[in-house]
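> No sequence on hand, only this structure:
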């Protein structure tokens, strides 16, 4: 306990910690809802009793200090420079604060022996920190991390939901969220690295229900809305936009896991399996469309039709529009609809990639598969561009800075343009590829995201992309230059060389 108390002493003073906690709830938790907000707030407040200047570990579960450090670190790692200029953070050097909080997190985890004696708090802490640190997305560190957390999760029994009903609704729900998060992380690591899954158990290996769709405060003592039968979603005052989004993420993660298992099998995806996965994707899309339709909206944000009054708003001036309110149109609802549309595109792209060039022919039209794949890539990049160029969405821009999907979409588009530069989809595909390359591709030896809110003056751990991602972008630039240099129509338009 003495060593843990020393680690707690390195946490910032309460006013700074409070500001970082609010940033976490605004900018990180909507993407990774691994923390039960109200329970965390109660325990957090109790840690600051007394002088209210130094955080102390609660005696019933000292590893809560790990979670506090992780929450504050994630906020500092993802916060943009404009928000950092407000009181009481502006007098704290951002880089120094992020390093200090990361050190406090790692020290507290080491003291608690999180790998040998894990708790739910310590497991959530490492998951959050990894998800908010882009440099950890490199191939080996990512696979090693997934292997570690999957081992910890199974050792804690997270894969078996039934025997743990005595834990209470809040603990059970967080366990389920963590489980589905790890499964999704494993699928993403497999796609990113082109390797076999580290984990990805088949459905019979676990009995974990889908995550809830209600607000955290509605969990204790209330019936949890879980998909049954047709798995339709019903909206009430208890419905959470954040958890609707988490449900969509988990559903896509399950589909990707099943498809990856088939793709990574000894014989690969057999053409006779294509109709089965096509039906699964159709049902998944219907499910996601049902979730999207439950989110109140003005206009159609996922198609680029966002109310003009929303575009330039910010949480500093219109905080209520960023609240988890499923009863009226908000900026959070508009953003969540677009996010789900992008997740939907990611699932389609994974399936459609598997069809291109699949032998033997006759089960489907390969040319049509290419056109459908490019259409999904264009949809994804169009939504991504909207996310990056809408000031109101700035609290969540950090998430895309080192995500694999933009790289994947652009590589697919460039591969397509080599032989289809005169197709109907070529012009739109080229436009969105150019726009995203301009925003994302590192310049020179720069390892920092160059898009909105990025650059050396806004360094964050989430803004620093991995060396693997830098190599991917440079390979894309070389391929792009080669393709454009051989396209006479682009040379005539002055687009043959990109600098």
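Arrived safely. Source: prediction; values computed, not measured.
> Point out where the stretch 101-250 of the chain drops to low pLDDT.
134-141, 162-165, 200-204, 220-237 (pLDDT under 70).
> And the helices in the stretch 151-300 of the chain?
169-193, 241-263, 274-293 (DSSP state H, counting those that start in this stretch).
> Of those helices, which is nearest residue 29?
In terms of C-beta to C-beta, the element of the helices of the stretch 151-300 of the chain nearest to residue 29 is helix 241-263, at 6.8 Å. Placement of C-beta: from N, CA and C, glycine included.
> Could you tell me how far that closest one lies from the centre of the chain?
12 Å (C-alpha atoms, centre = their mean, to the nearest Å).
> sorry, back to before: out of the helices of the stretch 151-300 of the chain, which comes closest to residue 433?
Using C-beta to C-beta, the nearest of the helices of the stretch 151-300 of the chain to residue 433 is helix 169-193, at 19.4 Å.
> Pull the residues that contact the helix or strand hosting residue 97.
Assigned by DSSP states H and E, residue 97 belongs to helix 94-112. Identification of contacts with helix 94-112 by C-beta atoms under 8 Å, 6 or more residues apart in numbering yields 3-4, 6-8, 10-12, 16, 62-63, 65-66, 69-70, 72-73, 76-77, 79, 81, 84, 89, 119, 122, 125-126, 129, 133, 459-461.
> run the last query once more with 6 Å
3-4, 7, 10-11, 63, 65-66, 69-70, 72-73, 76-77, 84, 122, 129, 461 (C-beta atoms under 6 Å, 6 or more residues apart in numbering).
> Kindly report the same for stretch 296-315.
Contacts of stretch 296-315 (C-beta under 6 Å, 6+ apart): 26, 322, 328-329, 331, 333-334, 337-338, 341, 386, 390-392.
> How far does it stretch from one end to the other?
End-to-end distance for stretch 296-315: 19 Å, by C-alpha to C-alpha, to the nearest Å.
> Please state the mean pLDDT value computed over that stretch.
Taken as a whole, stretch 296-315 has a mean pLDDT of 90.
> who's in contact with residue 148?
No contacts exist for residue 148 under C-beta under 6 Å, 6+ apart.
> Remind me which helix or strand it belongs to.
With DSSP H and E as criterion, residue 148 is part of helix 139-155.
> thinking again about what came up before, among the contacts of helix 94-112, name the buried ones.
Taking 16 or more other C-beta atoms under 10 Å as the criterion, what is buried in the contacts of helix 94-112 is 4, 7, 11, 63, 65-66, 69-70, 72-73, 76-77, 84, 122, 129, 461.
> Please list the members of those residues that lie in strands.
Among these, DSSP state E puts none in strands.
> of these, closest to residue 473?
Among the buried ones among the contacts of helix 94-112, and counting by C-beta to C-beta, the member closest to residue 473 is residue 461, at 18.6 Å.
> Name the nearest residue to residue 43, sequence neighbours excluded.
residue 64 (5.7 Å; C-beta to C-beta, 6 or more residues apart in numbering).
> Wait, the one you found touches residue 121, no?
Yes. Here residue 64 reaches residue 121: they are 5.3 Å apart, a contact under C-beta atoms under 6 Å.
> Now do the same contact list for residue 328.
residue 296.
> Which of the three states applies to it?
coil (DSSP: H, G, I helix; E, B strand; the rest coil).
> OK, contacts around residue 338?
Neighbours of residue 338 in contact, by C-beta under 6 Å, 6+ apart: 301, 302, 383.
> and the strand or helix carrying it with helix 169-193, angle?
Using DSSP H and E, residue 338 sits within helix 331-355. Counting by axes from the mean of the first three to the mean of the last three C-alpha atoms, to 10 degrees, helix 331-355 points 40 degrees away from the direction of helix 169-193.
> just how off-centre is helix 331-355 within its chain?
Chain-centre distance of helix 331-355: 12 Å, with C-alpha atoms, centre = their mean.
> moving C-terminal of it, what's the next helix or strand?
helix 366-389.
> I'd like to know which elements that following helix is packed against.
For helix 366-389, the packing partners by 3 or more C-beta pairs under 6 Å, 6 or more residues apart in numbering; DSSP states H and E come out as helix 331-355, helix 404-420, helix 426-440.
> ends of stretch 298-307, how far apart?
6 Å.
> ugh, wrong one, stretch 291-309
Start-to-end, stretch 291-309 (C-alpha to C-alpha) is 25 Å.
> Go through that stretch and flag the buried ones.
Neighbour count says stretch 291-309 has 291, 292, 294, 295, 296, 297, 301, 302, 306 buried, by 16+ other C-beta under 10 Å.
> picking up where we left off before, tell me the buried residues in the helix holding residue 97?
94, 97-98, 100-102, 104-109, 111-112.
> so which of those comes closest to residue 218?
Closest approach to residue 218 among the buried residues of helix 94-112 (C-beta to C-beta): residue 105, at 30.1 Å.
> Give the full set of residues in contact with the nearest residue to that closest one once chain neighbours are set aside.
Distance criterion C-beta to C-beta, 6+ apart; nearest residue to residue 105, sequence neighbours excluded, is residue 69 at 3.9 Å. Residues near residue 69 by C-beta under 6 Å, 6+ apart: 104, 105, 108.
> mind redoing it with 8 Å?
Residue 69 neighbours (C-beta under 8 Å, 6+ apart): 7, 11, 101, 104, 105, 108, 125.
> Tell me, how many residues neighbour the nearest residue to residue 123 once chain neighbours are set aside?
In this structure, residue 123 finds its nearest non-sequential neighbour in residue 152, 5.7 Å apart by C-beta to C-beta, 6+ apart. If you count neighbours by other C-beta atoms under 10 Å, residue 152 ends up with 21.
> what's the distance between residue 152 and residue 122?
9 Å (C-beta to C-beta, to the nearest Å).
> so what sits against both of the two?
Joint contacts of residue 152 and residue 122 (C-beta under 8 Å, 6+ apart) are residue 114.
> one step back: can you list the buried residues of helix 94-112 in CSV and add distance to residue 429?
Output for the buried residues of helix 94-112, formatted as CSV (distance: C-beta to C-beta, whole Å):
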residue, distance to residue 429
94, 37
97, 41
98, 37
100, 45
101, 41
102, 39
104, 46
105, 42
106, 43
107, 48
108, 48
109, 45
111, 52
112, 50
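> Looking at those residues, which is nearest residue 214?
residue 105 (29.7 Å).
> quick revisit: can you put the helices of the stretch 151-300 of the chain in a markdown table and add distance to residue 439?
A markdown table is the format used below for the helices of the stretch 151-300 of the chain (distance: least, C-beta to C-beta, whole Å):
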| stretch | distance to residue 439 |
| --- | --- |
| helix 169-193 | 20 |
| helix 241-263 | 24 |
| helix 274-293 | 25 |
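> which stretch among those helices comes nearest residue 415?
So among these, helix 169-193 is nearest, using C-beta to C-beta, at 16.3 Å.
> Now the contacts of residue 338 in CSV, please, with extra columns for distance to residue 263.
Formatted as CSV, these follow (distance: C-beta to C-beta, whole Å):
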residue, distance to residue 263
301, 32
302, 28
383, 25
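> between those, which is closest to residue 240?
The closest of the contacts of residue 338 to residue 240 turns out to be residue 301 (C-beta to C-beta; 18.3 Å).
> Nice, that's everything, thank you.
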